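Colleague: A predicted structure for the sequence below; I have some questions about it.
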Amino acid sequence: QVQLVESGGGFVQPGESLKLTCVQSGSPVQLYAMGWYRQTPGNKRELVATIGGIGIPKYAESVSGRFSISRDKAKKAVYLQMNNLKEEDTAVYYCNGLGLSQEFMYPAPGDYWGQGTQVTVSS
């Protein structure tokens, strides 16, 4: 079973930065893509950023220019650098993995999800 474990969430003020980390453990299933989604109460989970096999990232328009996704395949990790955070970025952030066998689905999310990490931006 693939496990995705997020870390790095927290409480920050507007304009500050945070870096989220997600590491894959458990089953050595190869992931074609890894990404970040977020969800607020009463709303659907939405894409923040994702990065596929060839390394070209995709971003939600609301975070483009402020957030940066990167991946270290050797460490089975994906990172989300979040700069100039805004109150509307407050959410639970989830790591997602898309298996190699589901490459055709990219950039849709895969079957593997982390437990989520809370990011709160408030003055």
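Modeller: Alright, I've got the coordinates.

Colleague: just give the nearest non-adjacent residue to Val121, would you?
Modeller: Distance criterion CB to CB, 6 or more residues apart in numbering; nearest residue to Val121, sequence neighbours excluded, is Leu85 at 4.6 Å. (Glycine included, C-beta is placed from N, CA and C.)

Colleague: separation between that neighbour and Ile54?
Modeller: Going from Leu85 to Ile54 by CB to CB, to the nearest Å gives 29 Å.

Colleague: compare these two (neighbour count), which wins?
Modeller: Legend: neighbour count by other CB atoms under 10 Å for Leu85 and Ile54, higher for Leu85 (22 against 8).

Colleague: tell me the bridge partners for the residue nearest to Asp111 when sequence neighbours are not counted.
Modeller: Of all residues not flanking Asp111 in the chain, Gly99 sits nearest, at 6.8 Å (CB to CB, 6+ apart). Beta-bridge pairing for Gly99 (DSSP bridges): Leu31.

Colleague: count the residues that sit near Gly99.
Modeller: Residues near Gly99, counting by other CB under 10 Å: 17.

Colleague: how about Gly26?
Modeller: Neighbour count for Gly26, taken as other CB under 10 Å: 11.
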